[in-house]
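# Sequence and predicted model, in that order:
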Amino acid sequence: MEYAVQGTLDELGTPLEQITFVVFDLETTGVSADEHAITEIGAVKVRGGEVLGEFGTLVDPGSPIPPFISVLTGITDAMVTAAPRIDSVLPSFLEFARGATLVAHNAGFDLSFVRAACAALGHPSPANPVVDTVVLARRLLTRDEVPNYKLATLAKVFSRTDPCHRALADARATVDVLHALIERAGSFGVHTLEELKGFVRAPTPEQRRKRHLAGGVPGEPGVYVFEDGQGEPLYVGKSTNLRNRVRSYFTAAETRPRIREMVAIAERIRTIVCATPLEAEVRELRLIGSAKPRYNRRSRFPERMVWLKLTEEPFPRLSVVREVKDDGAGYLGPFGSVRAAEDARSALHETIPLR
């Protein structure tokens, strides 16, 4: 006789109330982890809704803080003059976060700076589990509840702390947002860390319901058009493999809120097979230019786009043009402005002997 065996906690997952979260935020001198530095770290350690500790310090970035960053954060060069450098702060922060699940609002940004600092100082990058409250909010909250998913917007709904672009205050606000989102996730049967991570990655019900729209799409280069019930284009894209690209819109890999919203509206997908990727690119731009689909945020006005063309001459040169032609020439772009194209041309002239 066989008996049912109740699963262990390890098999079922770790209950969220038993998880130690380290909710953190960074202030920096800019947006690039490769070019800019950390000016402040703030972190709050919580478990079961209880605050276990806080970590907060200014950091000397080793270079002047740009004026607009000082205006945004209130952190000035004078404030960080006596602050420790990142080489002494980072080990303390890593120890504070050891064994915990890291949480941040737009976690990819903050983690990129932590990982860059680890790489520069010879520390292994943290392998902690990560929860991003932006991604979680997009999964749980509708636009009827919040107009956007910025921390300041969510804090007005879920927190008494007003985010002010200071690391510890923003981390405290993120703690409140995290707890509110976890409570909301519980109504979907999410009670463990493993379930929470799977819930975030899962496709929406609309994505699952619309998967049949990808049936019959050929695996060739071309252009695809998502259309609504009236046949109006919602979104135009291109791919070297239409089948693979279109199917990706109905999987957990597609996390863009606007595109998930578009998929929920779409009723059919029209495809145009092209002989070459260049033909697909030209057709895509022309379709976007004529239909101006409301979900094509980028390249919605392709007539404003410019390209660099490598001319077909004995001594070729780079020319700024506004149209891609199937003339055998090489094209680079598109660029959003003539200035951007000219900057790219100048950079190429410095490295490649062109006329």
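Sure, I can see it.
# Tell me where the stretch 51-200 of the chain has helices.
In order along the chain, the stretch 51-200 of the chain carries the following helices (DSSP state H, counting those that start in this stretch): 67-73, 77-80, 86-97, 107-121, 133-140, 151-158, 167-186, 193-201.
# Relative to residue 290, which of these is closest?
Taking C-beta to C-beta as the criterion, helix 133-140 is the member of the helices of the stretch 51-200 of the chain that comes nearest to residue 290, at 31.3 Å. C-beta coordinates here come from the backbone N, C-alpha and C atoms, glycine included.
# just for the stretch 51-200 of the chain, where's the confidence low?
Applying pLDDT under 70 to the predicted model, the stretch 51-200 of the chain contains no residue that meets it.
# Quick check, residue 295 in contact with residue 235.
Yes: at 4.2 Å, residue 295 and residue 235 qualify as touching, with contact defined as C-beta atoms under 8 Å.
# out of those two, which sits in the more crowded spot?
Using other C-beta atoms under 10 Å as the criterion, residue 295 and residue 235 rank with residue 235 on top: 23 against 19.
# hang on, the more buried one in a helix?
No: under DSSP: H, G, I helix; E, B strand; the rest coil, residue 235 sits outside any helix and is assigned strand.
# Let me see the contact set for it.
Neighbour list for residue 235: 225, 226, 259, 262, 266, 293, 295, 296 [criterion: C-beta atoms under 8 Å, 6 or more residues apart in numbering].
# ChimeraX command to pick out the buried ones of these?
A single ChimeraX command selects the buried members of the contacts of residue 235 (16 or more other C-beta atoms under 10 Å):
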select :225,226,259,262,266,293,295,296
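# on that earlier part again, overlap of the contact sets of residue 295 and residue 235?
Listed contacts common to residue 295 and residue 235 are 226, 259, 262; contacts here mean C-beta under 8 Å, 6+ apart.
# and which of these is nearest to residue 48?
Sorting these by how near they are to residue 48, with C-beta to C-beta, puts residue 259 at the top with 36.2 Å.
# The closest one contacts residue 249, doesn't it?
Yes: A contact is recorded between residue 259 and residue 249 when judged using C-beta under 8 Å, the distance being 6.8 Å.
# can you map out the strands along the stretch 151-300 of the chain?
Chain-ordered strands for the stretch 151-300 of the chain, with DSSP state E, counting those that start in this stretch as the definition, fall at 222-227, 233-239, 268-273.
# Out of the ones you listed, flag the one nearest residue 63.
That would be, of these and by C-beta to C-beta, strand 233-239, which comes in at 40.6 Å.
# and the angle from that closest one to strand 222-227?
For strand 233-239 against strand 222-227, the angle by axes from the mean of the first three to the mean of the last three C-alpha atoms, to 10 degrees is 160 degrees.
# Each with direction, which strands does strand 233-239 pair with?
Partners of strand 233-239 in the sheet, by DSSP bridges, are strand 222-227 (antiparallel).
# Burial check on the closest residue to residue 293 other than its chain neighbours, number of neighbours?
Leaving out its chain neighbours, the residue that sits closest to residue 293 by C-beta to C-beta, 6 or more residues apart in numbering is residue 233, at 4.4 Å. Each residue near residue 233 was counted by other C-beta under 10 Å, and the total is 19.
# Reformat the strands of the stretch 151-300 of the chain into CSV and put mean pLDDT and distance to residue 171 next to each item.
Putting the strands of the stretch 151-300 of the chain into CSV (pLDDT from 0 to 100; distance: least, C-beta to C-beta, whole Å) gives the following:
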stretch, mean pLDDT, distance to residue 171
strand 222-227, 96, 39
strand 233-239, 94, 37
strand 268-273, 96, 43
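# Please name whichever of the ones you listed is nearest to residue 204.
Shortest distance between residue 204 and the strands of the stretch 151-300 of the chain, using C-beta to C-beta, is found for strand 222-227: 15.3 Å.
# which other residues reach that closest one?
With contacts defined as C-beta under 8 Å, 6+ apart, strand 222-227 is touched by 217, 233-239, 242, 245-246, 249, 262-263, 266-274, 280, 283-284, 287, 293, 295.
# hmm, which of these are the buried ones?
Buried among these (16+ other C-beta under 10 Å): 217, 233-239, 242, 245-246, 249, 262-263, 266, 269, 271-272, 274, 280, 283-284, 287, 293, 295.
# coming back round to it: of all the helices of the stretch 51-200 of the chain, which one is nearest residue 320?
With respect to residue 320, and counting by C-beta to C-beta, the nearest of the helices of the stretch 51-200 of the chain is helix 67-73 at 30.1 Å.
# Buried ones in that closest one, by neighbour count?
Residues of helix 67-73 classed as buried under the neighbour-count rule (16+ other C-beta under 10 Å) are 69, 70, 73.
# export that helix as CSV, just CAs?
These are the backbone C-alpha positions of helix 67-73, laid out as CSV (Å, rounded to 0.1, in the frame of the first residue of the first chain):
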residue,chain,number,x,y,z
PRO,A,67,26.0,69.9,-10.4
PHE,A,68,22.7,68.4,-11.7
ILE,A,69,23.3,65.3,-9.6
SER,A,70,23.8,67.5,-6.5
VAL,A,71,20.6,69.4,-7.3
LEU,A,72,18.8,66.1,-7.7
THR,A,73,20.1,64.3,-4.6
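# Against which helices or strands is it packed?
For helix 67-73, the helices and strands in contact under the criterion 3 or more C-beta pairs under 8 Å, 6 or more residues apart in numbering; DSSP states H and E are strand 38-47.
# Perfect, I'm done here.
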